[in-house]
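Engineer: Provided below are the primary sequence and the corresponding predicted coordinates.
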Amino acid sequence: MIAPTHALRAALTAAIERALGEPEVDPLLVPSRQPGADLQANFAMKLAKQRGEAPRAVAERVATELGDADGLLAKTEVSGPGFLNLTFAPGALAEWATAALADERLGVAPAAMPQTVVVDYSAPNVAKEMHVGHLRSTVIGDALVRTLEFEGHTVVRANHLGDWGTQFGMLTQHMLDSGIEHLPDFAALGELYRAAKARFDADPAFTEAARSRVVALQAGDPGTLALWRDLVTVSLEHINAIYRRLDVTLTDEHVVGESFYNPLLAPTVDALLEAAVATESRGAVVVASTRFTNQDGTPAVLIIRKSDGGYGYGVTDLAAIDYRVRELDAHRMIYVTDARQAQHFAMVFDAAAKAGWTDGRQVEHVPFGAMLGDDGRPFKTRSGGTVALTDLLDSAIERAQVIVDEKNPDVPAGERAEIARAVGIGAVKYADLSTSRQRDLIFSFDRMLALDGNTAPYLLYAAVRAGSIATRAGETATTVSVVTEPVEQALLLKLAAFGDVLDEVAATLEPHRLCTYLYELAGQYTSFYEACPVLKADTPEQRRSRLAMCTLTAETLKTGLGLLGITVPARM
RNA sequence: GCGCCCGUAGCUCAGUGGAUAGAGCGCGCGCCUCCGGAGCGCGAGGUCGCAGGUUCGAAUCCUGCCGGGCGCGCCA
């Protein structure tokens, strides 16, 4: 099914060629702000300039050639310096909406060229509690994953768990010293971490023992490995509990931690040396950058192997790229991490490209801004720590529960709790997803947990209402047939844009575009609902037609929110 | 020193070449005998950080400055 705007764009390009002999011209179609016009095409000014003609005359000639575009258009009009204002025929929009309603993809065409896409996101650390700093990668990554899958791509979720490195020498050594073989729960791990860290900082002998313990771990010493596995298992229980509360699609099967790449690191270093991508410098193996310099003006380097023989995280990232290309045949690799790692990933990607590993593949860093306090400084609590993710989610659900209880006193308590969960978690996720991700974010409980305005609850409410009206109607409407009011026309136009927005999100990896779209759709729906009686429409046909619009809106909101990882409750 | 991100209404933010720059919150006024008021309508509120440039047209692209955040050899 071809969206009306796509059909019109093609018709315009063809009309431009027929009228002016210019092939393959982008008609520069944008939404119109003029009352009565749906779209505006801005090609005339540019073409007229090139051809030395009057823009309005150019627009007129194309408009004449375009006609009604095989019934797509009700009106074309040239105005201002040469804008071509276009208004869809109500029947064309109605026809599209009717088809979309019968389509489980809601009229969204699948990707023309499906790819295998690896999305690397979340990546919490073993042995540490998840805090608000982990929220953005997890929530943004999950929204991208869901959207790319909906578009028809094969998505490989990669949770690059921080499960390897020096701190595990420290932890396992302390376990050995204190005779701990198994941790009962995550709280015990927290205590272990604090105790081990204290010794590590204070006792040079322990520090030394921890260092050699890392070597034992990396060499695969069975006893040390067993202790390490216990740490990972206990941590994953904590992490998975958070994922389930957050309604994130990550599970154990997506964990491909740093430890996974351990056996691949030595061959990766060899390959990079062999290809002369990496060189030795001051006892270490590095890849020198041609784009970045140090403060003293020397080239910045990516540490591949440290002078003590240990591996830098750069080589882990390079081994991961090599693995994802060769074993997974990934066409596109996406890394959702904070913006501070931008230079690191740029150097990693440069090195991979120089080694020839990413030829014909896309490798993209998807950076997001820092979480700042309300003083504009990096976010810290009063005690200097971070806010645990569990606490944030608890607060969100508590706040939502108060409102839910107040608004829905007749709903059973169990269902109220379920609604509060959907509303509270949805609010937190939406707050993170709805602003452009590269901006720094001021952390604020009030903003993250807000329930009014451009928030998840507003969208959930609109979706629930649009869905419930169909239920109350007692019939299933399948046909949009009567489009008389401008608000109806505007609503249909907005509904038809869903697929374009998903394409944009897939291309730019910016979920906030979907948020903005859904908010506008909800607003457009509310305007329609205020202006157009549905159940009390003038005729049975109009009633069915408007009901169908309600249903398509409800489905689009539900699907769109679902792609953001936000669940719509049955009622609220 | 090199590099990245950001600067739009009191606050939090949309808007990456098109006509009078838009929301939400907050503030003021109005709307439940009318399909769900977690809603809707109206209003006040802006030198789009500053200065040049490109363009028929710039919040948007280019250059320079100012302000904030961040990164640059053995942490990830």
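Structural biologist: Ah, there it is.
Engineer: around A:L264, how many other residues sit close by?
Structural biologist: Neighbourhood size, A:L264 [other CB atoms under 10 Å]: 17. Heads up, the C-betas are built off the backbone N, CA and C, glycines and all.
Engineer: which stretch of helix or strand covers it?
Structural biologist: A:L264 is located in helix A:262-274, with elements delineated by DSSP states H and E.
Engineer: same deal with A:L106?
Structural biologist: With DSSP H and E as the test, A:L106 turns up in no helix or strand.
Engineer: that one and A:L93, how far apart?
Structural biologist: Between A:L106 and A:L93 the computed distance is 15 Å (CB to CB, to the nearest Å).
Engineer: likewise A:P457?
Structural biologist: Counting by CB to CB, the gap from A:P457 to A:L93 is 30 Å.
Engineer: show the pLDDT at A:R33.
Structural biologist: The model reports A:R33 with a pLDDT of 87.
Engineer: can I get the CA coordinates of stretch A:44-63 in CSV?
Structural biologist: C-alpha atoms of stretch A:44-63 as CSV (Å, rounded to 0.1, in the frame of the first residue of the first chain):
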residue,chain,number,x,y,z
ALA,A,44,9.5,26.0,-8.4
MET,A,45,11.7,28.7,-6.8
LYS,A,46,14.8,26.5,-7.2
LEU,A,47,14.0,25.3,-10.7
ALA,A,48,13.0,28.8,-11.9
LYS,A,49,16.3,30.2,-10.7
GLN,A,50,18.2,27.5,-12.6
ARG,A,51,16.2,28.0,-15.8
GLY,A,52,15.9,31.8,-15.6
GLU,A,53,12.1,31.7,-15.5
ALA,A,54,9.4,33.1,-13.3
PRO,A,55,8.8,30.8,-10.3
ARG,A,56,5.0,31.2,-10.4
ALA,A,57,4.9,30.3,-14.1
VAL,A,58,7.0,27.2,-13.5
ALA,A,59,4.6,26.2,-10.7
GLU,A,60,1.6,26.8,-12.9
ARG,A,61,2.9,24.7,-15.7
VAL,A,62,3.6,21.8,-13.4
ALA,A,63,0.3,22.2,-11.7
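Engineer: name the residues of it that are buried.
Structural biologist: Residues A:44-45, A:47-48, A:55-56, A:58-63 are the ones in stretch A:44-63 that count as buried (16 or more other CB atoms under 10 Å).
Engineer: what about the longest strand in chain A?
Structural biologist: As assigned by DSSP state E, the longest strand anywhere in chain A is strand A:284-293.
Engineer: may I have that one as PDB, with CA atoms only?
Structural biologist: The C-alpha coordinates for strand A:284-293 follow below in PDB (Å, rounded to 0.1, in the frame of the first residue of the first chain):
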ATOM      1  CA  ALA A 284      52.200  -0.700  24.200                       C
ATOM      2  CA  VAL A 285      50.400  -1.600  21.000                       C
ATOM      3  CA  VAL A 286      48.400   1.300  19.700                       C
ATOM      4  CA  VAL A 287      46.600   2.600  16.700                       C
ATOM      5  CA  ALA A 288      47.600   6.300  16.100                       C
ATOM      6  CA  SER A 289      44.800   8.600  14.900                       C
ATOM      7  CA  THR A 290      45.100  10.800  12.000                       C
ATOM      8  CA  ARG A 291      42.200  13.000  13.100                       C
ATOM      9  CA  PHE A 292      42.800  13.600  16.800                       C
ATOM     10  CA  THR A 293      45.700  14.900  18.700                       C
END
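Engineer: just checking, what packs against the next helix or strand after that strand?
Structural biologist: Next in sequence after strand A:284-293, counting helices and strands by DSSP H and E, comes strand A:299-305. In terms of contacts (3 or more CB pairs under 8 Å, 6 or more residues apart in numbering; DSSP states H and E), strand A:299-305 is packed against helix A:262-274, strand A:284-293, helix A:313-326, helix A:342-354.
Engineer: what about 6 Å?
Structural biologist: strand A:284-293, helix A:313-326 (3 or more CB pairs under 6 Å, 6 or more residues apart in numbering; DSSP states H and E).
Engineer: just the ones you listed: most buried one?
Structural biologist: Mean neighbour count (mean count of other CB atoms under 10 Å) peaks for helix A:313-326 among the helices and strands packed on strand A:299-305, with a mean of 22.
Engineer: mind checking the SS state of the closest residue to RNA strand B within chain A?
Structural biologist: At 1.8 Å from RNA strand B, A:G453 is the closest residue in chain A, using CB to the nearest atom of the strand. Three-state call for A:G453 (DSSP: H, G, I helix; E, B strand; the rest coil): coil.
Engineer: pop out the phi and psi values for it.
Structural biologist: phi 80, psi -150 (degrees, to the nearest 10).
Engineer: per-residue confidence at it?
Structural biologist: 90.
Engineer: neighbours of it, how many?
Structural biologist: Neighbours around A:G453, by other CB under 10 Å: 8.
Engineer: could you measure from it over to A:R513?
Structural biologist: Counting by CB to CB, the separation of A:G453 from A:R513 is 19 Å.
Engineer: next one: A:T551
Structural biologist: Taking CB to CB, one finds A:T551 at 24 Å from A:R513.
Engineer: compare these two (neighbour count), which wins?
Structural biologist: Neighbour comparison, A:T551 and A:R513: the larger count goes to A:T551, with 22 against 19 (by other CB under 10 Å).
Engineer: now that one: which helix or strand?
Structural biologist: helix A:540-563.
Engineer: which residue ranges make up the domains of chain A?
Structural biologist: With domains defined by automatic domain parsing, chain A comprises A:4-88, A:117-159+A:257-371, A:166-249.
Engineer: JSON lines for those domains, including distance to A:A400?
Structural biologist: Shown next, in JSON lines, are the domains of chain A (distance: least, CB to CB, whole Å):
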{"stretch": "domain A:4-88", "distance to A:A400": "34"}
{"stretch": "domain A:117-159+A:257-371", "distance to A:A400": "17"}
{"stretch": "domain A:166-249", "distance to A:A400": "13"}
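Engineer: could I get these as TSV with distance to RNA strand B?
Structural biologist: As requested, those are exported to TSV (distance: least, CB to the nearest atom of the strand, whole Å):
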stretch	distance to RNA strand B
domain A:4-88	3
domain A:117-159+A:257-371	3
domain A:166-249	6
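Engineer: and the helix holding A:T551, does that touch RNA strand B?
Structural biologist: No - Helix A:540-563 lies out of reach of RNA strand B by CB under 7 Å from any atom of the strand, never closer than 7.7 Å.
Engineer: pull out the buried residues from that helix.
Structural biologist: A:542-561, A:563.
Engineer: next one: stretch A:427-441
Structural biologist: For stretch A:427-441, burial by neighbour count (16+ other CB under 10 Å) applies to A:427-435, A:437, A:440-441.
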